[in-house]
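J.: Prediction below, plus the sequence it came from.
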Amino acid sequence: MTLTKICGVTNIDDALAAVDLGADYIGFVFAESPRRVDTRTAGEVIRALGGRVKTVGVFVDESDDVLRMMDECGFDYAQLHGNQSEDFAGKIGGERVIRVARVSDESSVDVLPTYTEAAYYLLDTYKKGQAGGTGEVFNWTLAVRAKSLGKPVFLSGGLTPQNIIDAINTVKPYAVDISSGVEMCPGKKDHHKIKELIDNVRAADIAS
């Protein structure tokens, strides 16, 4: 079964709707983004979720603040989008780390085995000046290649209700990660799109 992560959540209503519709992970962005939240908001949302779903903090920095936010909000995982060191990932705990590759070509994937302090890999589209949330698709054959590197793979980058079946059929990832593809506008989710997306994820799984 392909799991679903709805990322860039900024409020309780969207988080509850996503979980009610079947999301398995909820992501909170702490990088520069129109979807950025603070720890107070993330904590309020997580408390409202009541442990019904896994939660992920998305970071580009390497600092004691990240460690503090992980503890303060009680995130299950840290998604590391920057050049954070292995020592830093180890402080979080490799079993709690999702390591991101911003994919432009094969070399973007080949670096992944150097990230030993990680439970999962996440593949997103490279775009200069953006750490994520590009809304653009990359070459999915590179994601297939990443699956051979020993860790479960989250597929991200430009996924929508319209292309999610093709994405799953092509890559067969552990999970899919969607943000802008289910939004009305940056930071506000469209609950109908979330339902359509998760319905299509389930349809792809049944057909495979």
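T.: Ah, there it is. Numbers count the residues shown, from 1 in each chain.

J.: remind me, longest helix of this structure?
T.: Identified as the longest helix of the chain according to DSSP state H is helix 191-207.

J.: Give me the contact list for it.
T.: 1-2, 4, 6, 14, 17-18, 21-23, 159-161, 164-165, 168-169, 176, 178, 181-183 (CB atoms under 8 Å, 6 or more residues apart in numbering). For every residue, glycine as well, the C-beta is placed using N, CA and C.

J.: ok, then the element right after the helix or strand of the chain with the lowest mean pLDDT?
T.: Of all helical and strand segments in the chain, the minimum by mean pLDDT, DSSP states H and E falls on helix 106-110, at a mean of 90. Moving toward the C-terminus from helix 106-110, the next helix or strand (DSSP states H and E) is strand 120-125.

J.: Tell me which residues are up against that following strand.
T.: With CB under 8 Å, 6+ apart as the test, strand 120-125 has contacts from 77, 79, 81, 97-103, 109, 112, 115, 132, 134, 136-138, 142-143, 146, 149, 151-158, 174-175, 177.

J.: tell me how far it is from the chain's mean position?
T.: Relative to its parent chain, strand 120-125 has a centroid offset of 8 Å by CA atoms, centre = their mean, to the nearest Å.

J.: Show me which residues of the longest helix of the chain are buried.
T.: Of the residues in helix 191-207, 191, 193-198, 200-201, 204 count as buried by neighbour count, 16 or more other CB atoms under 10 Å.

J.: Quick check: mean pLDDT of that helix?
T.: When pLDDT is averaged over helix 191-207, the result is 97.

J.: Can I get it in CSV? Just the C-alpha atoms.
T.: Taking Å, rounded to 0.1, in the frame of the first residue of the first chain, the C-alpha atoms of helix 191-207 are listed here in CSV:
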residue,chain,number,x,y,z
HIS,A,191,-10.2,19.2,0.7
HIS,A,192,-11.9,18.0,-2.5
LYS,A,193,-8.5,17.7,-4.2
ILE,A,194,-7.1,15.8,-1.2
LYS,A,195,-10.0,13.3,-1.4
GLU,A,196,-9.5,12.9,-5.2
LEU,A,197,-5.8,12.4,-4.7
ILE,A,198,-6.1,9.8,-2.0
ASP,A,199,-8.9,8.0,-3.9
ASN,A,200,-6.5,7.8,-6.9
VAL,A,201,-3.7,6.5,-4.7
ARG,A,202,-5.9,3.7,-3.6
ALA,A,203,-7.1,3.0,-7.1
ALA,A,204,-3.5,2.7,-8.3
ASP,A,205,-2.7,0.3,-5.5
ILE,A,206,-5.7,-1.9,-6.3
ALA,A,207,-4.8,-2.0,-10.0
